[in-house]
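Student: return a 3D structure for these sequence lines:
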Amino acid sequence: LYSDFGVDVGFAYDRKEAKDHGEGGKLVGASMENKRILVVDDVITAGTAIRESHTMLTAVGAKPVAVAIALDRAEKRSLDDPISAVQAVARDLEIPVVSIVSLPQLQAFLRNSSDYSDDILASVTEYRSQYGV
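Tutor: Residues are numbered from 1 along each chain as shown. Alright, predicted model coming up:
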């Protein structure tokens, strides 16, 4: 954003384990206090990591406003729950969750691509039928 638009946007990441030296703590990078935050992750499985990030960010005075994920696997939160983990995070945290690609889009791509074997599509389709919403 800075090189193209002159907008300086800080970022931070979750270290997962707190350190007692250097920057210390779990959150590394720019201060998130009083900032509107977009949380970025690769996928949401059960939503645990996103919920933990939300808790950590609000504890330092940040305001998470949305979550962006690379792939929405359209996966059930649990085998007994009819909504997806993505839907549950959006509902529970009251923020939008957007994905770059969804599992149905990936299936359509695989169906129309000659670069991948039918076995890969069959595997993704089986996964979706077992775990998908």
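Student: CA atoms for contacts and neighbours, from now on please.
Tutor: Fine.
Student: doesn't residue 79 make contact with residue 131?
Tutor: Yes: Residue 131 is in contact with residue 79 according to CA atoms under 8 Å; the separation is 7.2 Å.
Student: am I right that residue 61 is in a strand?
Tutor: No: read with DSSP: H, G, I helix; E, B strand; the rest coil, residue 61 is coil and lies in no strand.
Student: quick check: phi and psi at residue 64.
Tutor: Main-chain dihedrals, residue 64, degrees, to the nearest 10: phi -60, psi 130.
Student: and the one 4 residues further on, by the same measure?
Tutor: In terms of degrees, to the nearest 10, the main-chain angles of residue 68 are phi -120, psi 130.
Student: what do you get for residue 99?
Tutor: Residue 99 has phi and psi values of phi -120, psi 150 when expressed as degrees, to the nearest 10.
Student: which residues does it contact?
Tutor: Applying CA atoms under 8 Å, 6 or more residues apart in numbering to residue 99 gives the contacts 68, 69, 70, 71, 72.
Student: now, of these, which are buried?
Tutor: Neighbour counting with 16 or more other CA atoms under 10 Å marks 68, 69, 71, 72 as buried within those.
Student: show me the strands in this structure, by range?
Tutor: Taking DSSP state E as the test, the strands found in the chain are 12-19, 25-29, 36-43, 63-72, 76-78, 81-84, 97-102.
Student: which of these has the lowest mean pLDDT?
Tutor: Note on these: strand 12-19 shows the lowest mean pLDDT, a mean of 73.
Student: quick check: the residue nearest to residue 29 when sequence neighbours are not counted vs residue 85, distance?
Tutor: Take residue 29 and drop its neighbours on the chain: the residue closest to it by CA to CA, 6 or more residues apart in numbering is residue 12, 4.2 Å away. For residue 12, the distance to residue 85 equals 24 Å [CA to CA, to the nearest Å].
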